[in-house]
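# need a 3D model of the sequence below.
(one chain, ligands or ions: 2)
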Amino acid sequence: MLKALITTLTVSDVRFPTSLEQHGSDAMHADPDYSVAYVVIDTDLEKFKGFGLTFTVGRGTEIVVCAVKALSTLVIGKTLEEIVSDFRGFYRHLTNDGQMRWIGPEKGVIQLAAAAILNAIWDMWARAEGKDPKQLIRCIDFTYITDALTEQEALEDQMLEEGYPAYTTSCAWLGYSDEQLTQLCSTALGEGWTRFKVKVGADLQDDIRRCRLIRNMIGPQNTMMIDANQRWDVSEAISWVSSLAEFRPLWIEEPTSPDDILGHAAISKALAPLGIGVATGEQCHNRVMFKQFLQASALQFVQIDSCRVGSVNENLAIMLMAAKFKVPVCPHAGGVGLCELVQHLILFDYISVSASLENRTCEYVDHLHEHFKSPTVIRNACYIPPKDPGFSCEMLESSVRKHQFPHGEVWRHILAQKHTPIF
Ligand SMILES: C[C@H](O)[C@@H](O)[C@@H](O)[C@H](O)C(=O)O
Ligand SMILES: [Mg+2]
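Numbering: from 1, shown residues only. Ligands and ions are numbered 1, 2, ... in the order given. From the prediction side, this is the model:
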């Protein structure tokens, strides 16, 4: 299958009307419609395809779709073997095209588009190799090295049996009422969740009330994180979060502009005595910025994202740097398909890089998994390793068809109700 020649790349604008119920809402994104630019790569081998996506929150997905189309010219006509035998070279070919790099480089829409394509290539490669977690281990001859390597097998087994610890963001989106918070939090507690993220940043009194409600429900032993989605200036972040310190959040996520590395460093320094760390990464453009965040001690939790940067290739670099700086990786997930993708990265981080669960947890959001062929499996608030070969982001054809924007039946109906003409 490695010999397969890439013949076509199609990309669709697929949107889910999550804003209707305020799912995903935060202090900066009041009405997200969770969406993807969804990529399908076809080859000259019948039925051998790759599936990839990048996540967006609605309007603007059409621009990412355009960027994917522009980049597709760099992929079509190559064999999978050509790509993966010099994957570093291909990565640079895709992200450093002499003309297209001007609209990046390695940031913004063009970077999201590169991620969608690279995710699809990784999916193809994993399918070609038929990799499942056990198969990788079965390739290794452990003779004479078991004193050094049995641990790795044990880590693998532990993941297969117990899974990777997750936290939930589904209980406390900013647009949810207190009644919803209470009901969702009590259901989550019943399901065994022990870590809960609460959206903050729009109104301090609301935040105090909501954090108190959640802390009272989850008790002192469980973990709470808070997420401001870039809402504050640096000094405002420090004073606002200090007012929430009594609720003992583990971290404040995205307190200020995602580009302000020194600002994050100042916030980290000010909040350290309160025992509150800074987490960021879901809108961090690339490995260079992560390098500086780490060098400046500007974050205490690295939130890699499987679509914001250049797929597995770039996330491997970020995970290895995080390990070197001894900062835990706690990926950003949720949206559409992010949980499906990022679970692969976090398992790699645990089994091959960090070998530690200390201060580590991966985000989980309980929306839209039903649209995937191999949805994530959560057991006792842990990600259970996926068994199907691939990158787990193949969507159901019927879901793609119905949610295509603007002509799929779901959107035709919504736009007709709003009397919005379909362009
Ligand atoms: C608009 C989105 O739902 C964000 O609020 C979401 O990604 C969030 O920051 C998160 O950490 O899950
Ligand atoms: Mg966040």
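
# ramachandran angles for the residue in the stretch 301-423 of the chain that ligand 2 sits nearest to?
Nearest residue of the stretch 301-423 of the chain to ligand 2, counting by Cβ to the ion: residue 332, 6.0 Å away. Any C-beta I mention is one placed from the backbone N, CA and C, and that applies to glycine too. Per-residue torsions, residue 332: phi -80, psi 130 (degrees, to the nearest 10).

# start at 31 instead
Yep, numbering from 31; the last one is residue 362 now.

# residues contacting it?
Contacts for residue 362 (Cβ atoms under 8 Å, 6 or more residues apart in numbering) come out as 311, 312, 333, 334, 335, 338, 368, 372, 393.

# before we move on, what SS does the fifth one have?
Applying DSSP: H, G, I helix; E, B strand; the rest coil to residue 335 yields a three-state assignment of coil.

# you'd agree it is up against residue 311?
Yes: here residue 335 reaches residue 311: they are 6.2 Å apart, a contact under Cβ atoms under 8 Å.

# contacting residues for whatever residue of the chain ends up closest to ligand 2?
Nearest to ligand 2, among the residues of the chain, is residue 257, at 4.3 Å (Cβ to the ion). Contacts of residue 257 were listed using Cβ under 8 Å, 6+ apart, and they are 56, 199, 227, 228, 229, 230, 231, 282, 283, 284.

# does residue 215 lie in a helix or a strand, and which?
helix 208-220 (DSSP states H and E).

# also residue 350?
helix 341-354.

# what packs against that helix?
helix 117-125, helix 138-159, helix 317-325, strand 331-332, helix 368-378 (3 or more Cβ pairs under 8 Å, 6 or more residues apart in numbering; DSSP states H and E).

# how distant is the longest one from the center of its chain?
To tie it back to what came earlier, the one meant is helix 138-159. Chain-centre distance of helix 138-159: 14 Å, with Cα atoms, centre = their mean, to the nearest Å.

# which secondary structure elements does it contact?
Here helix 138-159 touches strand 36-45, strand 65-73, strand 79-86, helix 91-102, helix 110-115, helix 117-125, helix 341-354, going by 3+ Cβ pairs under 8 Å, 6+ apart.

# for ligand 1, which of those is the nearest?
Taking Cβ to the nearest ligand atom, strand 79-86 is the member of the helices and strands packed on helix 138-159 nearest to ligand 1, at 8.3 Å.

# still on that earlier bit, need the CA coordinates for the helix holding residue 215. PDB is fine.
Coordinates of each C-alpha in helix 208-220 appear next as PDB, following Å, rounded to 0.1, in the frame of the first residue of the first chain:
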ATOM      1  CA  ASP A 208     -26.600  27.200  36.700                       C
ATOM      2  CA  GLU A 209     -29.300  24.500  36.400                       C
ATOM      3  CA  GLN A 210     -27.500  23.000  33.500                       C
ATOM      4  CA  LEU A 211     -24.100  23.200  35.300                       C
ATOM      5  CA  THR A 212     -25.600  21.400  38.300                       C
ATOM      6  CA  GLN A 213     -27.300  18.700  36.300                       C
ATOM      7  CA  LEU A 214     -24.300  18.000  34.000                       C
ATOM      8  CA  CYS A 215     -21.800  18.100  36.900                       C
ATOM      9  CA  SER A 216     -23.800  15.600  38.900                       C
ATOM     10  CA  THR A 217     -24.200  13.300  35.900                       C
ATOM     11  CA  ALA A 218     -20.400  13.500  35.300                       C
ATOM     12  CA  LEU A 219     -19.600  12.800  39.000                       C
ATOM     13  CA  GLY A 220     -21.900   9.700  38.700                       C
END
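
# buried ones in it, by neighbour count?
Buried residues in helix 208-220, counted by 16 or more other Cβ atoms under 10 Å: 211, 212, 214, 215, 218, 219.

# show me the contacts for the first one.
Read it as residue 211. By Cβ under 8 Å, 6+ apart, the contact set of residue 211 is 201, 202, 240, 243, 244.

# what of the fourth one?
For residue 215, the contacting residues are 201, 202, 226, 243, 244, 247, 248, by Cβ under 8 Å, 6+ apart.

# ligand 1 versus the residue lying closest to residue 35 once chain neighbours are set aside, what's the distance?
Distance criterion Cβ to Cβ, 6 or more residues apart in numbering; nearest residue to residue 35, sequence neighbours excluded, is residue 74 at 4.5 Å. In this view, residue 74 and ligand 1 are 38 Å apart by Cβ to the nearest ligand atom, to the nearest Å.

# if I look at residue 74, how far off is residue 422?
Taking Cβ to Cβ, to the nearest Å as the measure, residue 74 falls 25 Å from residue 422.

# go on, residue 372?
10 Å.

# who's more crowded, the two?
residue 372 (27 against 23; other Cβ atoms under 10 Å).

# want to try a markdown table for the contacts of residue 215, with distance to ligand 1 as columns?
Shown next, in a markdown table, are the contacts of residue 215 (distance: Cβ to the nearest ligand atom, whole Å):
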| residue | distance to ligand 1 |
| --- | --- |
| 201 | 12 |
| 202 | 11 |
| 226 | 12 |
| 243 | 19 |
| 244 | 16 |
| 247 | 20 |
| 248 | 18 |
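
# dump those to a markdown table, plus neighbour count.
Formatted as a markdown table, these follow (neighbours: other Cβ atoms under 10 Å):
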| residue | neighbour count |
| --- | --- |
| 201 | 25 |
| 202 | 24 |
| 226 | 25 |
| 243 | 17 |
| 244 | 21 |
| 247 | 16 |
| 248 | 20 |
